[in-house]
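In: requesting a structural model of the entry that follows:
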Amino acid sequence: MIEQKLKIKNRAGLHTRPAAMLVKLAAKFKSDIYLERDGYGINAKSIIGVMTLAAEQGCELLVRVEGEDEQAAFDELYALFDSGFGEL
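Out: Residues are numbered from 1 along each chain as shown. Next comes the predicted model:
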């Protein structure tokens, strides 16, 4: 299992477009991928779940990835967060 906090860098936060990008990326992997904010955890493969996090710029999310392709999944998620979801 890989567990690490990642920060939302883009100005608008995790609004509809980046949330959809995140869910689409997570769905590519067999691993279970969860995001947690302030003790509230959601399945990263659920657009409704991701939207309920209401993650604004500067917010840190705990990313938890577990499964057979966890390293590849985490690496791609890290890159997506690091790029500011293409909005930097």
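In: for the host helix or strand of residue 61, what is the average pLDDT?
Out: Residue 61 is located in strand 60-66, with elements delineated by DSSP states H and E. Across strand 60-66, pLDDT averages out at 98.
In: count of neighbours near the closest residue to residue 85 other than its chain neighbours?
Out: Distance criterion CB to CB, 6 or more residues apart in numbering; nearest residue to residue 85, sequence neighbours excluded, is residue 18 at 3.5 Å. C-beta: built from backbone N, CA, C; applies to glycine. By other CB atoms under 10 Å, the residues close to residue 18 number 22.
In: can you map out the helices along the chain?
Out: 16-27, 47-52, 70-82 (DSSP state H).
In: hang on, the earlier thing: contact partners for the residue nearest to residue 85?
Out: 10, 12, 85-87 (CB atoms under 8 Å, 6 or more residues apart in numbering).
In: between these, which is nearest residue 25?
Out: Taking CB to CB as the measure, residue 25 sits nearest to residue 85 out of these, at 10.2 Å.
In: check residue 79 and give its pLDDT.
Out: 97.
In: with residue 87 instead?
Out: 89.
In: is it true that it touches residue 8?
Out: No - the criterion here is CB atoms under 8 Å, and residue 87 misses it with residue 8 at 10.3 Å.
In: and the two? Which one has more around it.
Out: residue 8 (21 against 14).
In: in this structure that one contacts residue 57, no?
Out: Yes - with contacts defined as CB under 8 Å, residue 8 counts as touching residue 57 at a distance of 5.7 Å.
In: from residue 84, how far off is residue 35?
Out: Using CB to CB, to the nearest Å, one obtains 17 Å as the distance from residue 35 to residue 84.
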